[in-house]
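Asks: just the structure for this:
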Amino acid sequence: MMYAWTVLPLFFARFAHAAARPRELRQLLWLGQRVVAIPLLLLVAFVLFRGEVLFWQFGHSTGPELARMVRCLKILFLNVLVHAFFAIYSTLLTSTRHQQAVSWLVALSIGLNLTLNLLLLPRYGAIAAAINTLLSVLLVSGGYVWLVSQRMRVRVPWHLIAQLALAFGLLCGAWYLVRTQLTLVWWLETGLMGVFFAGLLPLPVW
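Replies: Numbering: from 1, shown residues only. Now for the predicted structure:
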């Protein structure tokens, strides 16, 4: 997510500058949707299929412990997937004088997360915490999209979101085939999938 928090402030300034020009704002949103999403989609796919690589320092952990950590990591990276698609809308809203509405959404998602943690954390532990975080992110992201569609003169580019989702789906499908049909070291496999994903980007749907 550090990538997103580095890129989004750049779009914050440009959104604010173009706030009174809907056409320019729309073009910036479409650009921001791609710039934020594309690297994160590749990263999410890597974690979903090769997440265990990130635990190379946990040599003294047992197999079940590592499996549980990897499972939690994959659920948490589904949050990154949601942010890849929708974090740009939070930046759009806060840069165009909708900070109060965004603050209420964030407060609502925090309240949901705390409530779910109180109910589920004692019984289900870390897995519940990861799932609760995902549900909270889905709530706040859905709120961002609703606010943009209701309060702004910029259309949500559903066609672009669908194209990005299709590219991610194709990437995951190809990665699954590579994992099940080939035996490659993780870095070669990741490089191959990166090239495949890059090959999807110039397609007409973009």
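Asks: wait, what's in contact with residue 21?
Replies: Taking Cβ atoms under 8 Å, 6 or more residues apart in numbering, we find residue 21 in contact with no residue. No exception for glycine: its C-beta is placed from N, CA and C like everyone else's.
Asks: so how far is residue 148 from it?
Replies: 16 Å (Cβ to Cβ, to the nearest Å).
Asks: name the SS class of the residue nearest the centre of the chain, please.
Replies: Nearest to the mean C-alpha position of the chain, by Cα atoms, centre = their mean, lies residue 81 at 2.5 Å. Here residue 81 is recorded as helix under DSSP: H, G, I helix; E, B strand; the rest coil.
Asks: ditto for residue 59
Replies: Going by three-state DSSP: residue 59 is coil.
Asks: now it: phi and psi?
Replies: Per-residue torsions, residue 59: phi -70, psi -20 (degrees, to the nearest 10).
Asks: what helices and strands are in contact with the helix or strand bottoming out on mean pLDDT in the chain?
Replies: Scoring the helices and strands of the chain by mean pLDDT, DSSP states H and E places helix 2-17 at the bottom, with a mean of 89. Helix 2-17 is packed against helix 22-50, helix 63-94, with contacts defined by 3 or more Cβ pairs under 8 Å, 6 or more residues apart in numbering; DSSP states H and E.
Asks: which stretch among those approaches residue 193 most closely?
Replies: helix 22-50 (6.9 Å; Cβ to Cβ).
Asks: quick one, what contacts the residue nearest to the centre of the chain?
Replies: Applying Cβ under 8 Å, 6+ apart, the residues contacting residue 81 are 40, 41, 44, 168.
Asks: list the contacts for the second one?
Replies: So the one you mean is residue 41. 81, 84, 164, 167, 168, 171, 197.
Asks: pLDDT wise, what is it at?
Replies: pLDDT recorded at residue 41 is 97.
Asks: and the third one, by the same measure?
Replies: The confidence metric pLDDT takes the value 97 at residue 44.
Asks: on that earlier part again, just the buried residues from the contacts of residue 81, in ChimeraX please.
Replies: To isolate the buried members of these in ChimeraX, using 16 or more other Cβ atoms under 10 Å:
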select :40,41,44,168
